[in-house]
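1. Need coordinates for the following:
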Amino acid sequence: MASDISGITASAATTACGVDHVRLVYCYLDEGEFDGYASLLDEHVQVRGVGAQRASGREEAAHAARANPLGRHELHKVIAELDSVVVTGRYLTPGGRDAEAAHFDFADVFTISDDALVLSQRRFYYLDEPPGRARSSTSP
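-> Numbers count the residues shown, from 1 in each chain. Model (predicted):
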């Protein structure tokens, strides 16, 4: 059964395709499929706040993604309008033999190109405690 998409505008179709690409970004990163990840990025992509490195361009973004430990993204909400997609969720890294499991909540803000590729990504984190600040058992 074919669906009738004749009433969908080009911008609405680009937004829908962009949402699919953003969802695939997480799937590819979680599976370690960095070539697939790179295929979803615009040639001039700008990535900020994902791992320790900023990345400019498709190759640099793929290289930076490879440097991050594999983990799993749990997506809570995906919100899209025109060329913007916002995703909230939680990122989990498995605990290994020498590593402790870690997790944090995030909000990713994506901009989508006219070709429905990821043009930019900026990640914002929520941490229970700021880095370098120990929990105190007493109140000030």
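2. only C-alpha atoms for contact and neighbour calcs from this point on.
-> Noted.
3. The longest helix belonging to the chain - contacts with which helices or strands?
-> Counting by DSSP state H, the longest helix found in the chain is helix 10-31. Helix 10-31 is packed against helix 34-39, strand 72-81, strand 84-93, strand 102-112, strand 118-126, with contacts defined by 3 or more CA pairs under 8 Å, 6 or more residues apart in numbering; DSSP states H and E.
4. Serialize those to CSV and add fields for distance to Arg66, mean neighbour count and mean pLDDT.
-> Compiled in CSV, the helices and strands packed on helix 10-31 are given as follows (distance: least, CA to CA, whole Å; neighbours: other CA atoms under 10 Å; pLDDT from 0 to 100):
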stretch, distance to Arg66, mean neighbour count, mean pLDDT
helix 34-39, 7, 18, 97
strand 72-81, 14, 14, 96
strand 84-93, 14, 18, 94
strand 102-112, 18, 19, 92
strand 118-126, 16, 19, 93
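5. Nearest approach to Arg58 belongs to which of these?
-> helix 34-39 (6.0 Å; CA to CA).
6. Dump the helices and strands packed on helix 10-31 into CSV; add distance to Ala12 as well.
-> Output for those, formatted as CSV (distance: least, CA to CA, whole Å):
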stretch, distance to Ala12
helix 34-39, 21
strand 72-81, 8
strand 84-93, 12
strand 102-112, 12
strand 118-126, 16
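7. Of those, which is nearest Arg48?
-> strand 118-126 (4.7 Å).
8. counting contacts, what elements does the closest one pack onto?
-> Using 3+ CA pairs under 8 Å, 6+ apart: strand 118-126 touches helix 10-31, strand 41-48, strand 102-112.
9. Go again with 6 Å.
-> Applying 3 or more CA pairs under 6 Å, 6 or more residues apart in numbering; DSSP states H and E, one finds that strand 118-126 contacts strand 41-48, strand 102-112.
10. so which of these comes closest to Thr88?
-> By CA to CA (comparing all of these), the closest turns out to be strand 102-112, at 4.4 Å.
11. and that closest one, how far out from the chain's middle?
-> 5 Å (CA atoms, centre = their mean, to the nearest Å).
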